[in-house]
Structures are given as structure tokens and as C-alpha cells.
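Undergrad: Here is a sequence with its predicted model. Questions after.
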Amino acid sequence: MTDTTIPPGATVHERGSASLQPSPPVHRRRRTHVRATAGSGRMAALLVSPTILVLTVVVLYPTLMALHESLYGPKGLDPSTGFIRTREPFVGLHNYADIFGVAGQRFWNAFWNTTFFTVVTVGLETVIGVAMALIMHQAFRGRALVRAGILVPWAVPTAISGLLWRWIFNSHGIANAILGRQILWATEGFHAKVAVIVAEVWKTAPFIGLLVLAGLQVIPKEVHEAARIDGAGALRRFWHVTLPLVKPALLVAVLFRCLDALRMFDLPYILVGAQKNSVETLSMLAQNEASNVRFGPASAYAVILFLYVLLIALAFVRLLGTDLVAARDGRKTSRRRLRDVLAPRRTEVAA
Amino acid sequence: MKTRTTRALQCAATLAAAGLLLTACGSNGGSDAGKPAGSTSFEGRGPITYVAGKDTSGVVQKVIDRWNMLHPKEKVTFVQLPTDADSQRQQMIQNAETKSDAYTVLSLDVVWTSEFAAHQWIDRLPEQRFPLRNMLKPVVETAKYRGGLYAVPASSDGGLLYYRTDLLKKAGITKSPATWSQMTADCAKVKRLPEAKGMSCYAGQFQKYEGLTVNFAESVDSAGGVVTDASGKPDVDTAGARKGLDFLVGAVKDGTIPKEAITYQEEDGRQAFESGKLIFLRNWPYMYALAEKSKLAGKFAVAPLPGLNGPGSSSLGGHNLALSSSARNKATALDFMKFFSSQDSASTFLKDASLAPPYAKSYDDASLVKQYPYLPVLKQSILHAVPRPRVVQYGDATSAIQQEAYAALTGAKSSAQALKDLQSALQKSTAQ
């Protein structure tokens, strides 16, 4: 990063040095020592080491432990003494192989539920979130109130929103009163999925809205004005100007949401209940196994979820990463251009 | 720069590998499985802890304070866990798995006894130290595992049939129903009254959670079946069990139980009963005081649960005191358990928190009965009660029961198929 910016930056300062007498020698000296010496490299390693240590302790170690644990089976009951054996038997990859056997039915159900929830909720959240951002971006009276109102669901803890929606989806709740039919939302069936999706979208669409709003605010007004002068309608301006420019922010938001939705746990757990096949996700399955003191299979499920999330994240970066990188480059060049523009002006002022 | 990062990575990997090795050693160093039970020497005196779910009434601290006054050198600290039973169990298991001495005396839900005993998370207790003979027999049974005493009953709970006395009287019925067919016949009579328009006959707890296991087991037991036999083996694919499940399934189908009852937990049922939607409701004694404060005050009464051919049997609730095997100061702990489960303490718990006492005598105490009119009925309920399946893998057993009973109630499976599948699921989980 520094390598690419040095030449233009240096020229700017050199150009500036003509008028700003005291500072240039200092600047020039710093520039000449920009290459890392052995000493500064050691210093950098020293400064980074606490972070690496913390990451090792809180990320790497638990991951390796989970991998290790997933190779062990549950402790068995010794029928002669009536006590559980104290050692977990080593079963190798048996816990993983089980997924493809008879017992795998529950796993695959959870796997598809997780995938289904992720695709549907993130899809809906993206559309609604962008709409929210566009509304929040408009200048109108009471905008602050609307912004605060839209962001409230995001501020509510998931567990609390689960409780709130459980009341709404109660058999005598307001959802049934509005629909005029008695749907038993908390029972097994597709309606339970719908309940979870509604509550999840309500809660997290504002998150996408917030990030997209941040993206919208850095789009210069001139671009929109230029498009308007060129005769582009509102829809075309949105499609060809706004959307491409907020895309980097939107992609980051969608990536975050995907990773978050893949490990969904508390909302279905509280809203519909544990061990309901229609809404059981991978996280819920792993938790259920762990709570029944079967840490081996629980770890295996957790590891699979981890790999799944990792795969999605990598795919995201691979497929769309070029866009992210390109966008960052674009911003960098524009900043450089801005500096080029500003530098002569500064000399003028100094002169 | 590159070599530096790889070196850092190598360092990290070595660290992690060292960590793995350490833990591998740690897990090998467990105690022997074949250690004879009951060999614990209850030694050591000093401060201990009492671990239970959140105490909303404040009575637990009151009783502990009384102990602390009498035993200033052996003070008990109350460790409060969350209200939710699952998280209480999880924290207790965590404490046991790490062999921590932070928890001494544990307040266990009655259904956890077998699991905690089989894992040797709790110690076998000397029976002669506790007045078990004065306690109700089914309650003491919940504290046993393979014939050994692993806990002391502190409080109990049994199901009651709440019914609308005003409506039954108007319909000319003088006695509460003893059988299911009497109950449905009574309902038919009551429903002819103009006041009973739109009411449903009966409900319990049929949401897919622990309450469904309770209600399913009660129906099976009340029809002469069993979920697990005397030796703890599952035996649910029988004609008796089927009659029990058929009652529930048939009642949902013909509207005796309202459709929405499939979403009911205790509180939903209470609200439906109190707002006049139900004639009969199965619930726990805690509801009595609350219903007395509702608009139904004086218009309801309780009776033992009905069954197929006579009075039914309830499932048992309540809590037992157990001693964590990794704890210190076990001599103090035993004394405290005796104190905490004494009849005096049990009366305090009844008065302050409406917890049903394990002692037979408390139910015949005239002053208590005046204050809690449901006590004689509750005594009958507990005396005829059958504990929920006492199996080591209770978590698996209860989720299998919920799964199959729910499938039968919603009509996804026939009751015969559900019981057959339940039998094989229970066999699998008890064979582990």
C-alpha cells in the first residue's frame, strides 16, 4: 500500500517544500527510511505478538480442541456398575460418518433449515434494508425520528425480540387477530419457519439499512446531479448510479448477515422452541447434543458448521472480492487525486 | 517479513499442540470407573455452598440465614442459578466435569437424579441419616438410583385436575369425575348450559416440551400402561399405553381438547381456564393461589387426575438435594442437607413459596389445610404418582417422548406407530 502511494506523495511534498521552509528536511528523512530495517521488523513483530497470542488463545486453541473432541464418542454406561465410564472412546471419524447414515436425517434437516433461513432472510433483509436506507437518506422533517425508529429493532437483544414475537404469534396473539384466522405458529410446520423469518427480518434488516446508509452518504451529490441533467429517471439513477456506488458497503453487510444467519440459534429456540424439526438449525443441533453430554458429536456438528461458514465466506470473497478490492483501489485513487488537487491550493495559500 | 509470519505461525502451532497434549494428559487422569459406591467418607467441616435456581420468594435465603445463625463456623452461601431448568442443569454439569469444589449441595430436579448418579457427579448418601420413613414413598423413589440413595427430597409436586364447580353444580353434577369417560360426559352436560357457550372441555400441557412428557406419562400410567418398567427398561409399546395415548389423540380429534392446546404450556392453560374457556384443566398446585386472585375465585376446585377405569396417576415434580462429589466439607454438607430437608424447613417452604412438602404429616396439618385447601387432594395425587422415566439419558428419553407424542397428537402418526417408534427410540437411548 505504501509502495504505490510514495511517488505521487513525495512529489506533492517536494512541490510543497518550495514554500514551506522548515518542514521539508524532516519529511525527506522519513521517506528515505521507509524500508523496514531488521530492528523495526522486530519491533513490528513485538507489537503484533499480543494480538497473535490472544487470537491463538481465543480462536485457534478452541478450534483445534473442537476438532480433537469431535474424534471421540460419548462415554458409555457400564451395565455392571450402573456408572458411566470415565473415558470417552476414540472413534476417529465415526461422528462425521454418522451424518451419512441413518442418524444423519436430523443433521440434514438442520442443515437445510440453516441454509433455507440464510438464503430467505438475507434476501429479504437486503431488499428491505436498502429501501430503509433510501428512506433514511432522504431529507425531510422528522428524519432523525424515522432513523431512530428504524434502528430500534436492531438494538433489541435477539432473545428479547424472540419473546416479543412469541406473544405476537401466540394462538390468541395479534398476528392471528390481524389475519383473522387461527394459525398455531408455534407448532411444527411451514408456518413456524415463516414466524422465524418474519422476526429475523424485522430485527436485522435495519443492520443492512445502517451500513447501506453509510455507503449512501459518501456518494457525492454531483454524480446524481450529473445523471439527472443527462435525463436519467429515478429508477435508472438508482439502478445505474446509486446501486453500483453503494455496492461495496452492501456486499460487506450481506456477507456479515450471511455469516450471522448461518449460526442462527436464539431466535428459533425462543420463538418456536427447542427440538422442533421445522426450525432446528445446526447451532441448535450442536447445543442439543452438548446438553445431552455427547460432546463428540456436538463438536463434529460445530466443526461442520464452522467449515460451512468458512466456505461461504471464502466463496464470497472469491466471487465478489475482486469488486471489493477494486472499489478500495478506486477510493484510494480518488483520495490521491484529491490530494493532488489540494496540494497546489495549499501552496497558493502559503504563498 | 514472510519468514517472520511463518515463524509466528509455527510458534502458535507449537503452543496449540502443547495445549492439546496437556488436555490429553488431563483426560486420561480420571478416577476409576469401578469405584464402589457409598464409600465416600463424609469428612471436613467449614463453609459450603447451596446451589439452586433463582429464588423468587426469598425464602431460601431466610432458611439459610437460620442455619448460619446456628452454625457460624460452617456458613452456607447461596449460589443462585438462572430460572430456566436447562441452564441450571448445564451449569451443574460444567461444575462437575471440571471437578470444581465451587458447588457443594445441589438442588436437583427430580428427573436428573439418575443422570447425575450414573456420572458419579453426586455422592451416594447414607440412608439412615435422613427421616425417609416420614416422607411420601413415591417422592423418596425419585431420589434413588439402582437402589441407592443419591439425594434427599426437599420439595415435591403433583398434577391436579382443576374444574369449574359453578358450572358442574348448575348442570346437576355433584362429584368431580374419576374417569375420563365421566369427565367427557360431564362436559357434555355442562356444555348444554347457556353460560358454557364456546367452552372447551379439557386441556393440559401439550406443547412440545417437558410438559408434554409429563402429560403423556400421566395418560399412559392412568390407563394401566408404563413408559419404563420397574427395572428401568422401556415397555411402552403395549395395549395399556396405547389406551392412554388414544385418549389424548381422540380428545384432540373430537374437540374435547381444543386445537390450540397443542401450543399450551402451564401459563397458557391457566390463562385459558381463568378466562372461562375451559371446564377442566390439568395443572400444578402453584396455580391455585393465582386462580383464587382471578375472577374465578370461589368458582373452582381441585380433584385428583382422572384415569381410564378409576383415578389416574400423576407425574412427579419437585426438587431433591444432592451432594456434589467434587465438593469439600462434606460433613457440614450432610448436616445442612438434613436441616434443609427437615419438616420445619419444608413447612417454611410451603408457607412462603407454596412448595409441596415431602412429609406425609404436613398434608394432614389442620392449620395448613385451612390455608391451602388443595393439600389433601395433592397428597392423594402424590401417593398415586408414578415418577417420570428414571433413565440415565433422560434428555434423550424425554425428547423421544415429546417427538412421538407430538406426532400422534397432531395426527402425523397413528398412536400405534408412534408408540412403536417410541419404544425403539427409548431402547436405543437406554442401551448407550
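TA: Looks like it came in fine. Residues are numbered from 1 along each chain as shown, chains lettered A, B, ... in the order given.
Undergrad: For the stretch 101-250 of chain A, list the residues in contact with chain B, please.
TA: Listed as neighbours of chain B in the stretch 101-250 of chain A under the rule Cβ under 8 Å from any Cβ of the partner chain: A:170-172, A:182, A:184, A:186-188. C-betas here are computed from N, CA, C, even on glycine.
Undergrad: what do you get if the cut-off is 6 Å, keeping everything else the same?
TA: Counting by Cβ under 6 Å from any Cβ of the partner chain, the residues of the stretch 101-250 of chain A close to chain B are A:171, A:184, A:186-187.
Undergrad: Turn the residues you listed into JSON lines, columns for secondary structure.
TA: Converted to JSON lines, those look like this (DSSP: H, G, I helix; E, B strand; the rest coil):
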{"residue": "A:S171", "secondary structure": "coil"}
{"residue": "A:L184", "secondary structure": "coil"}
{"residue": "A:A186", "secondary structure": "coil"}
{"residue": "A:T187", "secondary structure": "coil"}
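Undergrad: State the pair within these that is farthest apart.
TA: A:S171 and A:T187 (9.3 Å; Cβ to Cβ).
Undergrad: one step back: need the residues of the stretch 101-250 of chain A next to chain B in CSV with pLDDT, can you?
TA: Shown next, in CSV, are those (pLDDT from 0 to 100):
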residue, pLDDT
A:S171, 87
A:L184, 91
A:A186, 87
A:T187, 89
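Undergrad: May I ask which of those residues has the most neighbours?
TA: Neighbour counts for those (other Cβ atoms under 10 Å in any protein chain shown) peak at A:A186, which has 27 neighbours.
Undergrad: Please tell me how far the nearest residue to that residue once chain neighbours are set aside sits from B:Y286.
TA: Nearest residue to A:A186 in three dimensions, chain neighbours excluded: B:T263, at 4.8 Å (Cβ to Cβ, 6 or more residues apart in numbering or on different chains). Remark: distance between B:T263 and B:Y286 (Cβ to Cβ, to the nearest Å) = 20 Å.
Undergrad: between these two, which one's more packed in?
TA: Neighbour tally, B:T263 and B:Y286, criterion other Cβ under 10 Å: the higher count belongs to B:T263, 19 against 16.
Undergrad: circling back: can you tell me which residues contact the residue nearest to A:A186?
TA: A:171, A:184, A:186, B:207 (Cβ atoms under 6 Å, 6 or more residues apart in numbering or on different chains).
Undergrad: what's the pLDDT at it?
TA: With respect to pLDDT, B:T263 scores 91.
Undergrad: The residue nearest to A:R294 when sequence neighbours are not counted: neighbour count?
TA: Among residues not flanking A:R294 along the chain, A:P74 sits closest, at 4.3 Å (Cβ to Cβ, 6+ apart). By other Cβ under 10 Å, 21 other residues sit near A:P74.
Undergrad: doesn't A:P74 fall inside a helix?
TA: No - counting by three-state DSSP, A:P74 falls outside a helix, being coil.
Undergrad: Could you pull up phi and psi at it?
TA: The phi/psi pair for A:P74 (degrees, to the nearest 10) reads phi -70, psi 150.
Undergrad: What is the subsequent helix or strand relative to the helix or strand of chain B with the lowest mean pLDDT?
TA: Least confident helix or strand of chain B, by mean pLDDT, DSSP states H and E, is helix B:2-28 with a mean of 43. Next along the chain after helix B:2-28, taking DSSP states H and E as the criterion, comes strand B:48-53.
Undergrad: contact partners of that next one?
TA: Here strand B:48-53 makes contact (Cβ under 6 Å, 6+ apart) with B:76-79, B:81, B:83, B:88, B:103-107, B:329, B:332-333.
Undergrad: For it, the averaged confidence score.
TA: Averaged over strand B:48-53, pLDDT sits at 96.
Undergrad: Enumerate the positions of the helix or strand following it that are buried.
TA: Later in the chain than strand B:48-53, the nearest helix or strand by DSSP H and E is helix B:59-70. Across helix B:59-70, burial judged by 16 or more other Cβ atoms under 10 Å in any protein chain shown covers B:59-60, B:63-64, B:67.
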